[in-house]
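Asker: Got a predicted structure plus its sequence, pasted below:
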Amino acid sequence: MYYFTADEHYGHANIIDYCSRPFVSIEEMDEELIRRHNIKINNNNENTIIHAGDFTLSNNKNYIDNIIKRLNGNHIFLKGSHDYWLKKDYQYIWERKIGQDYIVVCHYAMRTWARSHYNTWQLYGHSHGKLKPEGKQWDIGVDNNDFYPLALWEIRHIMNERPDNFNFIKKKRIGG
């Protein structure tokens, strides 16, 4: 199973005020994010979580390793605007076909993306729920999703309700 999230900002005190998060301290925020993550995601090798950037601003390896160790699942981290801790071997974009769904994940919302003209999906963060999605897009940041990661089945449900991409090429029927 795949899960998607972004903009956790572990250890970032200012994000509480910037985004009006309902926490009184970094510790409370971190613990609640971990709790909500682990409620949704079982700790087995079948769950992969795509973190679409801004996991933490911290460069403290022990702090970061401790957070990751406490989070259930296998993790793929994409670089966001604050991920200074990702020093090498990082990606900005993750794309994959899962079943019939082609998904492009990036920290930033895009106007067009790989195969968008075929109505593929783009999942993004960075905007903390303040940027309206266009077509088959969704802000997967915690601020936009009650501080929970989203399962693939939840993304499918959201996309079924979303309009087509503006550049979607609809197949035209020739003949009767």
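Answerer: Right, received. Where do you want to start?
Asker: could you show me where the strands are in the protein, in order?
Answerer: For the chain, applying DSSP state E gives strands covering 2-5, 48-51, 74-77, 93-98, 101-106, 121-124, 137-139, 150-151.
Asker: Could you identify which of the ones you listed is most buried?
Answerer: Of all the strands of the chain, strand 121-124 carries the top mean neighbour count, a mean of 26, counting by mean count of other Cβ atoms under 10 Å. (C-beta placed from N, C-alpha, C; glycine too.)
Asker: Just the mean pLDDT for that one, thanks.
Answerer: Strand 121-124 shows an average pLDDT of 98 in the prediction.
Asker: Kindly report the same for stretch 164-172.
Answerer: For stretch 164-172, the mean per-residue pLDDT is 87.
Asker: Pull it out as CSV, backbone CA atoms only.
Answerer: Output of stretch 164-172 as CSV, limited to C-alpha atoms (Å, rounded to 0.1, in the frame of the first residue of the first chain):
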residue,chain,number,x,y,z
ASP,A,164,-10.3,16.6,-15.6
ASN,A,165,-7.0,18.3,-16.2
PHE,A,166,-7.3,21.4,-18.5
ASN,A,167,-5.1,19.7,-21.1
PHE,A,168,-6.8,16.3,-21.0
ILE,A,169,-7.0,14.9,-24.5
LYS,A,170,-10.3,13.1,-24.7
LYS,A,171,-10.5,10.4,-27.3
LYS,A,172,-12.8,11.2,-30.1
